[in-house]
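[1] Below is the sequence, then the predicted model.
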Amino acid sequence: MTVVALLSVKGSPGVTTVAAAMAAASLVGGRRTLLVELDPSGGDLRLLAAEPVGEPNLIYAAGELRHARHPGRVLADQAVDVLPRVPGLVAPAGPHEAGAVVASIGETWARAFQGFEGTVVVDAGRWDPGQQTAGRIRGHDVVCLVVRATAVSVEHARHAVAMVRSTARSPVAAVVVGQRPYAPDAVAAALDLPLAGAVSWDRRGAASLWAKGAEPAGVRSQLVRSAARTLAGVEAQVPARHVAVPPVPPAPVTGEVPAVSAVVPPVPPVPVTGEVPAVSAVVPPVPPAPVTGEAPVVAPFRPPPPPPPPPPVGHAAEKGGRSS
């Protein structure tokens, strides 16, 4: 199960066409898929489809989801083929009605999409942080910023990346429409976003998609094949849903307190021989060096006094006696 929301910030890069191509590619891959038009500026699926849906069933789905216990079932029950073999929910064409329906249940849309057993491709249309329904991109597995490979489209999208990230609170990736004049990887690098994939700009393939949907004649185009590769790249951005957690030991059934082994410190071994264990020598502390740059006071050196002269002996003594 994967919920993918696609949006643009300015111009018409082809969000609705990319969303429809992704949904058709997912269905061809054998997965249960739902295409949802959640564009507050007005839906286009009823205008583009060769066999338009009679009524915008997004209105009825919103009413049922207000008190539904199983939102995923409500989506499946309300879905109709918006394109041949492509089930979905379409929004009213008028911006006033479409905006009211999208805002009517707020983030309940995201919870309902998460309850759908399959892949949900959400066409969020043109997004602006000042919209009342700006939170419609929150709660999905991946949010894709659809942009053309032109300088104008990239520049407008580049200034909205930070706000899209903070609002979505989920991985955000770039989906580039076309490969000229700039390469898709260069466009993603300019946006500072991972590249989910590039969708071919195929007018003939788009016409086949609107007329044939997920039938074999509608999915043989380069448009749908590139959308299938892009969808695989989008799903690669989905974080792991389950993290391995070590099992928790069961609690004791009885009221007994589980035994806890006491931690006993090890006893030092006793010398086997008669040798005396070595004792570390006590070294007197070394006086600290003076903190300042002053030299320590040292007593001046004083030489010892000379010894007294020896007493006179021999001839010197007699000579001294005569003189006296």
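    All right, it came through fine. Just so we're clear, the structure is a prediction, and the values are computed from it rather than from any experiment. Residues are numbered from 1 along each chain as shown.
[2] Quick check: which element contains the closest residue in space to residue 81 that isn't next to it in sequence?
    Spatial nearest neighbour of residue 81, excluding adjacent residues (C-beta to C-beta, 6 or more residues apart in numbering): residue 87 at 5.8 Å. Placement of C-beta: from N, CA and C, glycine included. When elements are assigned from DSSP states H and E, residue 87 belongs to strand 86-89.
[3] Listing partners with orientation, what would you give for that strand?
    strand 33-37 (parallel), strand 80-83 (antiparallel) (DSSP bridges).
[4] For residue 178, which residues are in contact?
    With contact set as C-beta atoms under 8 Å, 6 or more residues apart in numbering, residue 178 has these partners: 148, 149, 198, 199, 200, 201.
[5] of all these, which comes closest to residue 68?
    residue 199 (33.7 Å; C-beta to C-beta).
[6] For the contacts of residue 178, work out which two are farthest apart.
    148 and 200 (12.3 Å).
[7] Neighbour count: these two, which is higher?
    residue 148 (22 against 19; other C-beta atoms under 10 Å).
[8] Would you mind stating the distance between the more buried one and residue 49?
    Look at residue 148 and residue 49: by C-beta to C-beta, to the nearest Å, they are 23 Å apart.
[9] residue boundaries of the strands in the stretch 151-300 of the chain?
    For the stretch 151-300 of the chain, applying DSSP state E, counting those that start in this stretch gives strands covering 172-177, 195-199.
[10] Export the contacts of residue 178 to JSON lines and append columns for pLDDT and distance to residue 114.
    JSON lines is the format used below for these (pLDDT from 0 to 100; distance: C-beta to C-beta, whole Å):
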{"residue": "148", "pLDDT": "96", "distance to residue 114": "30"}
{"residue": "149", "pLDDT": "96", "distance to residue 114": "32"}
{"residue": "198", "pLDDT": "98", "distance to residue 114": "28"}
{"residue": "199", "pLDDT": "98", "distance to residue 114": "25"}
{"residue": "200", "pLDDT": "96", "distance to residue 114": "30"}
{"residue": "201", "pLDDT": "92", "distance to residue 114": "32"}
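[11] tell me the mean pLDDT for the strand holding residue 87?
    Mean pLDDT, strand 86-89: 96.
[12] just checking, next helix/strand downstream of it?
    helix 95-104.
[13] buried ones in the next helix or strand after that following helix?
    Next in sequence after helix 95-104, counting helices and strands by DSSP H and E, comes helix 108-114. Buried residues in helix 108-114, counted by 16 or more other C-beta atoms under 10 Å: 109, 110, 112, 113.
[14] Quick check: the first one vs residue 137, distance?
    As defined by C-beta to C-beta, residue 109 lies at a distance of 10 Å from residue 137.
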